Structure formats: structure tokens, C-alpha cells
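Novice: sequence and predicted model, in that order:
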Amino acid sequence: MRYFLTSFVIVLVTYFPFQEVAGQTAQEQLKQIRSSVIEKIDGRDFYIHTIKRGQTLYMISKAYGVQVNEIIRDNPGVKDGIKADQKLKILVPGQKPPVVQIPIAESEIVVAVKDTAKSIVEIPPNADSVIVVAMPCDKDNTTKKPVYNVALMLPLFLGEVDQIDTENPDPGALQASKSFQFLTYYEGFRLALDSLEKLGIKIRLYVYDADKDTNKTKQLLTKPEMKTMDLIFGLLYHPNFQIVAAFAKANKINLINPISERSELIAENPYVFKVQPSMRFKGEMLLPLITGDFRSGQVLIIRNRLYPDQDAPDKLARECRKFDLSVLVVEDHQKAIEHFSKDKQNFVVAFSDNTAYALTLLRELYKVHNEYKPTLIAMPGWPLMDGLENEYLVGLKTHVMVRSFVDYDDPLVKKFVRYYQESYHSDPERLAFQGYDEAFYFISALNTFGTNIGRCIGEYKMKSIQTRFDMFQNPGDGFENSHWEMFKYENYKLVSIR
């Protein structure tokens, strides 16, 4: 079995149970905070929830079985925080728009297409239509077009290509060449266009070499066709991306950032879509784990003075305590071990991205793993560290959070790999998977909703081969993918726990 992992997270967690009352589960207790007041607003039924002291948006979302994003969407005023006695309207479940059948030739929200030699996705045999969720913006044809203009801006450094000896190429020199750094993204991107074309989606693609030279980037934006773009993919250095982002905002053009983790990229620019989830969403991923799977144990959060976000351990502890969990923040692993219990499960969250500290932590926890059976949850960056023992990771039942993940046993992945090998006579690298996923997702969304994709992108889901998308927006800002995959080490491989 072969796996590819990018940016994974280990968090040492000593689990805290939701306080059980008369045998109630945590979910049963959450349901008790639901309001019984229901009002009809604009033809739909909403719960009217009055916030109590100590409640959080996350807690309220779990009580009603909705996403935090949905609460913010219906209550824009809560984006800067909530307070006691504030009222929220929460859509009563079961009122989503009706499901309709759309012929596949006209369908744009598709996770599967007819199986051809140049297509890697599938539909059930003999199917001539797919199920599409009909959202209000689906009916708005004012921004839909028969052909969409898409720009792909890559730092290809084409000016350096003539330095490559094409008759006797040196593999090492090719590997080190900046001209090849993002080429595999382009190759995956083109394969996605082949699949989309078979759906009848028509794209006019423009590819631009945009290296570190900001003046060159500014010159590219003066080209007459740039203002006609419906979608721009910008794999750009940060100063260059800022220039393109200002241009996109001024001309109301959707701009995708595939590589940066900086949340400030989307500030006050509703036309920017950031694919890489930032660490600010890690708490949203950890809390369901801690308050759900780990409720029979105790949680120990380890602080490390070298970790950049010194407030992170205390923030997580405060959120845990809102669920009445028993949580303790300690300064080092020895303090954590001193508080281990033989009667409860011990879950440890370690806020550290220092390799030397991680090696020591794994070794010391593993020494007592037979006696206390601790479970470890770790921060992003650990999989990139040298020297981490697989035996330790497995023995500590390490949980990891990843931005993207390729399961080479997945039939869809196998099909993509064959498709890529046939097309380029080499094996796909991480950026090839990413290029395919992002091109397929955003261009099919463009074809589904028209150029105003921000209206419905938050509800747009599909199965992908590496990167999942759950686009989140604070009003006035752009969109940021909030999805992290959660896995655990089991039998020396990563197994999904979602």
C-alpha cells in the first residue's frame, strides 16, 4: 500500500469526557439547549435561539446539527463574535431546495463522468443523468456563458529553459531547474480540462509565465484579454499575488490561490478563493474528536515555548471547558506523564513543531505506552520531520490532521495515475493531483453557477482525488477552504477516521 501525505498534524490529547448526566451522551446534552421557538421567515422555518452565557457557535451548531458556516450565513452579525442574550435564527433541517434531475449533457455539478480513454471519473452504468442540488443561483443564468475564459499564471521561468541541454539532459539538473517546479501542476490541470471537455464544458485557457519579477506581472495584467477572464489560477509569489488580487477585485474576476496558507490574502476581497486551509481551523477539527471519540478519557495539552502560537493551548483548553471537559494545560511532557491515569484513557495534544522536541516527546511517551496507553494528536509539519519512528507513531495511536491526502488504493486515484502515465510517461507528483482537483472543482463550479460562483460555492461538494473543499467566507472577505482530513496510524498505515 502506498500513500502520499502533505502537511499532517499530530496533536497529543488526553481526552476529556462530556460530563455524563444520568447516562446521557454528549450529543443528548447538546440537544437540550435547542430552542422550541420556531418562526417562518421568507417562507422557511427557523429556530430562534437565545444565546446563553458560555455557549459557542461551535456548540450551538452541533446542538442543531448544522455547520457554523450556515449559522454565520443566516446571521452575518455574529462574524465578529457572539454574546449572551443575542438571538440567532437557525434553519430547521429538512428544508433544503428540492433535488432535480438534469441531463448529463447539461449538468455542471458532476463528480462522475462517462468512462472514456481520456476521463478518470465515473457514473453508474447506463446512467444518462446525475442528481444535482437545485440552489437558487442554479436558476440564475445571467452570469452563465457558453465559453469561459480561464487564466493559469505559473512561475515557469521560461527564460531559463534555453540553459537546459535537451540532447543530453542531466536528470539532476532537470530536477533542480526552476522551470520544472510547477510544471506537474499544469499537467494535472490539463488532464482535468480533458475530463471537463467530455462533459461539454467549454474553456478557453490562457497560460502565462509569471515569475518573481513584479514588473513582469504588472505587464501581463495590461494584456487586453486579462479583463475578459472569468477565473484566474495564480500560483504566484506573494508580492505578485497581491498585485493580481487587486486587479481581480477591481475587475470582479474570481481568483484562486492554490498554495498559500496566509489568511490575510482574502481580507476585504470577496473575489479571492484560498485553497489551503489555515491553522485557525484546526480547533474546529479537534473539538469533534475530543468531545466525541475521546469523551471517556482525560485531555492533557502540552505547551512548548518554541511554538509560534503561544495562545493556542489555552484557546483549545477554554473551548474544551465549555463542554465541561476535564482539561489540563502543562508545560512539558514530563508534567503530562505525571498526570496520566490508569483508570481513564489519556489523550495528549502537543503544540510543538520543533523536530528535536518531537523526537524526545515520542520516545518518552512510548516508554510508558504499555502502562498508560496514551493517544497522541500532533501538529502540522510532523510528517516532514526526519527521524520519527513509525513504531512510536503506531504504538501511540497517533492522530494526524492533513491538508491533502492521496490513497493509492482508491480506484479513482489508480485511474488518474494510469491516465497521467499514459499522457506524460512518468508518475504524478503531489502538484499533479492538486492541479487536477482544483481545476475540476472550480471550473465545474464556474460552469454550474456562472461567474458569480461565490453565491453558492460553500454548498458545492464533490469527491476529489487529493484535496477536499469546504469553502468558508466571512462577509466582505474572500473564501478559504476550511477542510482538514483526519487520520490515525493503524497497522503501519494511515486510516481515515471521518
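Specialist: Perfect, I can see it now. Numbering: from 1, shown residues only.
Novice: stretch 145-160 spans what distance, first to last residue?
Specialist: Using CA to CA, to the nearest Å, the end-to-end distance of stretch 145-160 comes to 38 Å.
Novice: in that stretch, which residues are buried?
Specialist: Under the neighbour-count criterion of 16 or more other CB atoms under 10 Å, stretch 145-160 has 148, 149, 150, 151, 152, 153, 154, 155, 156, 157 buried. Using the backbone N, CA and C atoms, a C-beta is placed for each residue, glycine as well.
Novice: and what of stretch 241-255?
Specialist: Quick answer for stretch 241-255 (16+ other CB under 10 Å): 241, 242, 243, 244, 245, 247, 248, 249, 253, 254, 255.
Novice: ok, residues contacting it?
Specialist: Residues from elsewhere that reach stretch 241-255 (CB atoms under 8 Å, 6 or more residues apart in numbering): 153, 214, 217-218, 221, 226-227, 229-232, 234, 236, 257, 260, 265, 269-273, 442, 446, 451, 453-454.
Novice: just the buried members of those residues?
Specialist: Buried among these by 16+ other CB under 10 Å: 153, 217, 221, 226, 229-232, 234, 236, 257, 260, 265, 269-273, 442, 446, 451, 453-454.
Novice: which helix or which strand is home to residue 246?
Specialist: Element membership of residue 246 [criterion: DSSP states H and E] is helix 238-251.
Novice: gap between that helix and the chain center?
Specialist: Helix 238-251 sits 23 Å away from the centroid of its parent chain (CA atoms, centre = their mean, to the nearest Å).
Novice: just stretch 320-328 next, same as before
Specialist: Using CA atoms, centre = their mean, the offset of stretch 320-328 from its chain centre is 26 Å.
Novice: if we can go back for a sec, which one of the buried residues of stretch 145-160 sits closest to residue 338?
Specialist: Among those, residue 155 lies closest to residue 338 (CB to CB), at 50.7 Å.
Novice: and the pLDDT at the closest residue to that closest one other than its chain neighbours?
Specialist: Nearest-residue entry for residue 155: residue 211, 4.5 Å, with adjacent residues in sequence omitted and distances by CB to CB, 6 or more residues apart in numbering. Reported pLDDT at residue 211 in the predicted model: 88.
Novice: repeat that for residue 375.
Specialist: So residue 375 comes in at 91 (pLDDT).
Novice: my guess is it meets residue 397, correct?
Specialist: Yes. Using CB atoms under 8 Å, residue 375 is in contact with residue 397, at 4.6 Å.
Novice: more neighbours: these two, which one.
Specialist: residue 375 (26 against 17; other CB atoms under 10 Å).
Novice: measure the more buried one to residue 298 for me?
Specialist: 11 Å (CB to CB, to the nearest Å).
Novice: can you tell me what sits against stretch 417-437?
Specialist: 4, 6, 118, 120, 182, 184-189, 191-192, 258, 404, 406, 408, 413, 416, 464-467.
Novice: of the residues you listed, buried ones?
Specialist: Going by neighbour count (16+ other CB under 10 Å), the contacts of stretch 417-437 have 6, 120, 182, 184-189, 191-192, 258, 404, 406, 413, 416, 464-467 buried.
Novice: my guess is residue 92 contacts residue 38, does it?
Specialist: Yes. Assessed by CB under 8 Å, residue 92 is found in contact with residue 38 at 6.4 Å.
Novice: looks to me like residue 58 is in a strand.
Specialist: No. Applying DSSP: H, G, I helix; E, B strand; the rest coil, one finds residue 58 to be helix, outside a strand.
Novice: strands along the stretch 201-350 of the chain, start to end?
Specialist: 203-209, 231-234, 254-257, 272-274, 297-303, 327-330, 345-351 (DSSP state E, counting those that start in this stretch).
Novice: what sits against the residue nearest to residue 452 when sequence neighbours are not counted?
Specialist: Counting by CB to CB, 6+ apart, residue 143 is the residue found nearest to residue 452 once chain neighbours are left out, at 4.7 Å. Each residue near residue 143 by CB under 8 Å, 6+ apart is listed here: 449, 450, 451, 452.
Novice: which neighbours do residue 92 and residue 38 have in common?
Specialist: 45, 46, 47.
Novice: helices or strands up against the helix or strand harbouring the last one?
Specialist: Which is residue 47. Element membership for residue 47, per DSSP H and E: strand 44-50. In terms of contacts (3 or more CB pairs under 8 Å, 6 or more residues apart in numbering; DSSP states H and E), strand 44-50 is packed against strand 38-41, helix 57-64, strand 87-91.
Novice: now the element after the second one, going C-ward?
Specialist: As assigned by DSSP H and E, the chain's next helix or strand after helix 57-64 is helix 68-74.
Novice: from the middle of its chain, how far away would that next one be?
Specialist: 18 Å.
Novice: burial count for residue 371?
Specialist: For residue 371, using other CB under 10 Å, the count is 10.
Novice: same question, the one 10 residues further on
Specialist: As a burial measure, the neighbour count of residue 381 was computed by other CB under 10 Å and equals 16.
Novice: so how far is residue 74 from it?
Specialist: 36 Å.
Novice: now swap in residue 454 and tell me
Specialist: From residue 454 to residue 74 the distance is 17 Å (CB to CB).
Novice: same check on residue 245?
Specialist: Residue 245 is 28 Å from residue 74, by CB to CB.
Novice: gap between stretch 334-341 and the chain center?
Specialist: 33 Å.
Novice: same question, stretch 432-441
Specialist: Offset of stretch 432-441 from its chain centre (CA atoms, centre = their mean): 13 Å.
Novice: with stretch 378-386 instead?
Specialist: Stretch 378-386 has its C-alpha centroid displaced from the chain centroid by 18 Å (CA atoms, centre = their mean).
Novice: equivalent analysis for stretch 438-454, please.
Specialist: For stretch 438-454, the distance to the chain centre is 17 Å (CA atoms, centre = their mean).
Novice: give me the buried positions along stretch 38-51.
Specialist: Quick answer for stretch 38-51 (16+ other CB under 10 Å): 46, 47, 49, 51.
Novice: per-residue confidence at the nearest residue to the last one once chain neighbours are set aside?
Specialist: Setting aside the residues directly before and after it, residue 51 is nearest to residue 86 in space (CB to CB, 6+ apart), at 4.8 Å. The per-residue pLDDT reported for residue 86 equals 90.
Novice: and the longest helix for the chain?
Specialist: Using DSSP state H to define each element, the chain has its longest helix at helix 430-449.
Novice: can I see the domain layout of this structure?
Specialist: Annotated domains of the chain cover 3-16+294-407, 26-91, 129-278+425-449+456-464 [automatic domain parsing].
Novice: count of neighbours near residue 423?
Specialist: 15.
Novice: residue 87 now?
Specialist: For residue 87, the neighbour count with other CB under 10 Å is 11.
Novice: ok, now which ones touch it?
Specialist: Neighbours of residue 87 in contact, by CB under 8 Å, 6+ apart: 48, 49, 50, 51.
Novice: so which of those residues is the closest to residue 178?
Specialist: residue 51 (52.5 Å).
Novice: for the closest one, what are phi and psi?
Specialist: With angles defined as degrees, to the nearest 10, residue 51 sits at phi -70, psi 130.
Novice: can you tell me how far residue 226 sits from residue 417?
Specialist: 35 Å.
Novice: shaky segments in the stretch 151-300 of the chain?
Specialist: 161-176, 179, 280-295 (pLDDT under 70).
Novice: one more pass at 80, please.
Specialist: 158-180, 278-296 (pLDDT under 80).
Novice: show me where it has its helices.
Specialist: Shown for the stretch 151-300 of the chain, the helices assigned by DSSP state H, counting those that start in this stretch span residues 171-176, 183-197, 214-220, 238-251, 282-288.
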